[in-house]
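Peer 1: quick one: sequence plus predicted model below, questions after.
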Amino acid sequence: MEVSLPKGEQLIELANYRMPFGKYKGRLLSELPLPYLVWFRQKGFPPGKLGRNLEVVHGIKENGLEGLLYRIRKEFPRDSP
């Protein structure tokens with residue numbers, strides 16, 4: 001399945017988005033271990049914005065592009081949910 005990247009403001013939000021629950025609560029999605037994201041993919045991403053963000057981060061990390069999120073976060077820092 002191909003995942004399309006969000007644009008502009010959505011990408012800035014994604015780069016700063018934090019995990020809202022569980023073992024990794026409070027960590028940036030881009031800092032989640034790839035095996036955890038793979039587990040979500042296998043079990044099914046949660047519905048809504050969190051699931052979409054997890055799916056996109058999974059695709060980014062799987063393709064070795066997480067540096068993109070680090071650069072965005074550095075240039076456009078903000079608080080996230």
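Peer 2: Thanks, I have the structure now. Remember, it's a predicted structure, so these values are computed and weren't measured experimentally. Residues are numbered from 1 along each chain as shown.
Peer 1: now the most centrally placed residue in the chain. Nearest residue, chain neighbours left out?
Peer 2: Averaging the C-alpha coordinates of the chain gives a centre point, and the residue nearest to it by C-alpha atoms, centre = their mean is V57 (3.6 Å). The shortest distance from V57 to any residue that is not its chain neighbour, by C-beta to C-beta, 6 or more residues apart in numbering, is 4.5 Å, and that residue is L29. For the C-beta atoms, the positions are set from N, CA and C on the backbone; glycine is no exception.
Peer 1: hang on, that neighbour packs against E13?
Peer 2: No - counting by C-beta atoms under 8 Å, L29 sits too far from E13 to count as a contact (10.5 Å).
Peer 1: the two: who's more crowded?
Peer 2: Between L29 and E13, counted using other C-beta atoms under 10 Å, L29 has the larger neighbour count: 24 against 17.
Peer 1: OK, contacts around the more buried one?
Peer 2: By C-beta atoms under 8 Å, 6 or more residues apart in numbering, the residues touching L29 are 14, 17-19, 53-54, 57.
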